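Peer 1: Task: produce atomic coordinates for the following.
(one chain, ligands or ions: 1)
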Amino acid sequence: MFIFNLIILFFYGLLNPALAQDYSNFCPIKVVYPRTGSVIEASSTFLVGQTDIGAKLTCNNEIVRVNKAGFFAHVVPLHYGSNHFLLANSEKSDNVDLTILRKAPPKPIGADELKLEDLKPNQNLGVTAGDIINFSARATPHSTVTVQLGPHSLRLMAIQKNHQAPNVDVAYGKTFRRFDTNDSECYKGSYRVTADDHFFSTHPQFKLISSIGGLSENSKATISTVESLFVARTAKNPTVVRLGPGLARTTPLVDGVKVIIDGWSGDNMRCLYATNHHVWINKSELVMESLTQTTTLPSDLNMRKHNTDIIAPQAVAQTINIIEDSYGEKICLPLTERLPYQIEQKLNPNCLILKVYGVAPDTDWITSEPKTGNESKSNLDHVSWRQSEDNIYEITAYLTGRRQWGYNAYYDGTNLCLGIKERPNISSTGSLNGIKICVDPGHGGNEKGSIGCSGLPESQVNLEIASKVKTCLESMGATVIMTRISQNENPSLSERVRIATDNKADFLISIHNNALPDGRDPWKEHGTSSYWYHPQSIELANYLKNSVKMAGNFLDLGTRYQNLALARGPAMPSVLLEIGFMINPDEFTQLIDPQFQSKIAQAVAEGLKTYLTASEHATTKTDDSTQQSP
Ligand SMILES: [Zn+2]
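Peer 2: Presented below is the predicted three-dimensional model:
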């Protein structure tokens, strides 16, 4: 009887194509994000995955929106601790259990607990007169908290409610507070170092007095006054230069550049470019200038009995020479040692400003050799110099037209050179003949990027689209260099930029697809966006994004400034494109469709072509023409 029923069922299945197809293609519920057991800080997350086409999927009895391809995304709120979710496709008795932990914020300190923790500064500091040291601690509310620093006693104040919230974060340009803190337990205070202060690896001592008792604790960090300056040399090319310890970048330096060190915060050395002009470089990228035996900086500079007669790096600028080369034109400033510099790019007026620190100005000459190359490719109009502040020598390269095609700064011996890339070969017919483009499929190898609703990694989708971009660009006559051509390759970010630079590419286009952090909604936030870092890339970023947006018909998320490695190289306009969202079911369905990919690839190529053929002298509004160009 049982066998007979099975046979009936079998034949019924064969005779009823709908039922037969249903079972042979049955797709069990697959949650690709988040994994069960994940720990998440945000107050919500989204479950992303795939289920049977047409399935009525629920999550804890709530209906989950599933698109026509069977992909879903579902936002779930999270309470602190363990959160359980049951995804069920009741028609197919298919279900999946998921447990997600939401990390609880630090427990507020009760008035009945004696506590003193999170003492800051938590990094060793080297300070000089005039510096402000910020102290903070979490401690028992309604207490008196003081810091003893050498002979000075400093009272810390409990901060006001909602004032200077300590845990503010930012994602996609939106700032948010990670979690609420009990402000009355946060104490802060600042001390200004004077010329009379002498601290030698001094541990600040934090003291607490409350109605239930007292407590004192030494900070693990030390504070030292820098009794003499040090001269160091950059050891890497490029050396990363930042505007604060571990903070935003500014123009990187090449190796061998001499800098004066007048302070530190942990491993970040504070370099004095000129009076009131400081930057920060990690210790690992510097060597002591005066020591030949050792290549690294001593662990505590202040402990060294250093002689005080340092030789500050300095040179005299007597002439500026403009020379043609294979990159375009270069502005050379002969110096007698490698001094630090910064570059700022402006589009209105169209110029590059090179600031060199430690230069004594005595410039009587600006010379340029008669041009031998193609005049129409040159975009340098003229060069001027001035001393903008004490010890800051400023060269401005005024450029023709309204675009810039790239620049690079380097030392040839001790001659500082600013290369200005020539105009690429722009054909009026729209052919990309003679144009070299570096196409970068984002991620690769073990670095998969975001994960799409089916579990397909972004690296794969990026490669598929980027390969099609290559074909389209080549069919228009361009030369294309790929940063990777297979799924198992993962060149580092700096290698990818180097591939574009070494190959003298005219443009770098990095292809990516997007995702969101926890706490956001993939059904609401999605679309096409592009990213630039140097102003020279804004216009191309606009053209590429607009063209892809038109072809793909996703939402327009705009053209944005972002500090991205693939956009940071200054040698050519570089744009990172986020075509769509891997975690938005509808966009993902399209992103994996080969026909859609071809349409997008064609749009990328067309966007570049339209950008190139648009008049270089037309005026278009740019978002920002004064962004500093590291
Ligand atoms: Zn990516």
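
Peer 1: got a list of contacts for whichever strand or helix holds Thr363?
Peer 2: Under DSSP states H and E, the secondary-structure element containing Thr363 is strand 359-368. With CB atoms under 8 Å, 6 or more residues apart in numbering as the test, strand 359-368 has contacts from 314-323, 335, 339, 383-385, 387, 391-393. The way it works is simple: take the backbone N, C-alpha and C, and place the C-beta from them, glycine included.

Peer 1: mind listing which of the residues you listed are in strands?
Peer 2: Among the contacts of strand 359-368, the ones falling in strands (DSSP state E) are 315-323, 383-385, 387, 392-393.

Peer 1: Glu525: neighbouring residues, count only.
Peer 2: Glu525 has 16 neighbours, counted by other CB atoms under 10 Å.

Peer 1: before we move on, what about Thr99?
Peer 2: 12.

Peer 1: ditto for Leu119
Peer 2: Leu119 sits with 21 neighbouring residues when counted by other CB under 10 Å.

Peer 1: returning to what we had before: out of the ones in strands among the contacts of strand 359-368, who's the most crowded?
Peer 2: Using other CB under 10 Å as the neighbour test, those are led by Tyr393, with 27 neighbours.

Peer 1: quick one: terminal-to-terminal distance for stretch 428-435?
Peer 2: Between the opening and closing residues of stretch 428-435 there is a gap of 13 Å (CA to CA, to the nearest Å).

Peer 1: ok, and what's touching that stretch?
Peer 2: Identification of contacts with stretch 428-435 by CB under 8 Å, 6+ apart yields 424-427, 473, 476-479, 506-507, 605, 608-609, 612-613.

Peer 1: At which residues are the helices of the stretch 51-200 of the chain located?
Peer 2: Remark: helices of the stretch 51-200 of the chain are absent; assignment by DSSP state H, counting those that start in this stretch.

Peer 1: At which residues are the strands of it located?
Peer 2: Ranges of strands in the stretch 51-200 of the chain, per DSSP state E, counting those that start in this stretch, are 57-59, 62-63, 71-77, 81-89, 94-102, 116-120, 125-127, 132-139, 144-149, 152-158, 168-171, 174-177, 186-192.

Peer 1: I'd like these as CSV, with mean pLDDT and distance to Phe230 appended.
Peer 2: CSV is the format used below for these (pLDDT from 0 to 100; distance: least, CB to CB, whole Å):
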stretch, mean pLDDT, distance to Phe230
strand 57-59, 96, 60
strand 62-63, 96, 63
strand 71-77, 98, 54
strand 81-89, 96, 51
strand 94-102, 95, 47
strand 116-120, 94, 25
strand 125-127, 94, 10
strand 132-139, 95, 20
strand 144-149, 97, 23
strand 152-158, 95, 26
strand 168-171, 72, 35
strand 174-177, 72, 37
strand 186-192, 95, 23
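
Peer 1: what's the straight distance from one end of stretch 215-232 to the other?
Peer 2: Start-to-end span of stretch 215-232 (CA to CA) is 42 Å.

Peer 1: And the average pLDDT for it is what?
Peer 2: Regarding stretch 215-232, the rounded mean pLDDT is 91.

Peer 1: rewinding a little: which one of the contacts of stretch 428-435 is nearest to Ile583?
Peer 2: Lowest distance from Ile583 to those (CB to CB) belongs to Ala605, with 26.9 Å.

Peer 1: That closest one: what's it in contact with?
Peer 2: Leu432, Val469, Cys472, Leu473, Met476, Ala478.

Peer 1: tell me, how many neighbours does whatever residue of the chain ends up closest to the ion end up with?
Peer 2: Proximity of the chain to the ion (CB to the ion) peaks at His512, 3.6 Å away. Applying other CB under 10 Å, we find 28 residues neighbouring His512.

Peer 1: who does it bridge with?
Peer 2: Glu578 (DSSP bridges).

Peer 1: Now for it: which residues touch it?
Peer 2: By CB under 8 Å, 6+ apart, the contact list for His512 reads Gly442, His443, Gly449, Glu458, Asn462, Leu576, Leu577, Glu578, Ile579.

Peer 1: out of those, which touch the ion?
Peer 2: Restricting the contacts of His512 to those touching the ion (CB under 5 Å from the ion) yields Gly442, Gly449.

Peer 1: Give me the below-cutoff pLDDT ranges for this protein.
Peer 2: 1-24, 160-168, 177-183, 290-309, 373-376, 617-630 (pLDDT under 70).

Peer 1: sorry, back to before: neighbouring strands - and their directions - for the strand holding Thr363?
Peer 2: Strand 359-368 has these strand partners (DSSP bridges): strand 315-324 (parallel).

Peer 1: what does the partner strand contact?
Peer 2: Residues outside strand 315-324 that contact it (CB under 8 Å, 6+ apart): 329-337, 339, 356, 358-369, 371-373, 378, 380, 383, 385, 393, 395, 414.

Peer 1: quick one on the thing from earlier: for the strand holding Thr363, list every residue counted as buried.
Peer 2: By neighbour count on 16 or more other CB atoms under 10 Å, the buried set for strand 359-368 is Val359, Thr363.

Peer 1: What of stretch 389-409?
Peer 2: Buried, per 16+ other CB under 10 Å, within stretch 389-409: 391-397, 399, 402-409.

Peer 1: Next: stretch 454-461.
Peer 2: Neighbour counts over stretch 454-461 (16+ other CB under 10 Å) mark Ser454, Leu456, Pro457, Glu458, Ser459, Gln460, Val461 as buried.

Peer 1: do stretch 335-343 as well
Peer 2: Buried, per 16+ other CB under 10 Å, within stretch 335-343: Leu335, Arg338, Leu339, Pro340, Tyr341, Gln342, Ile343.
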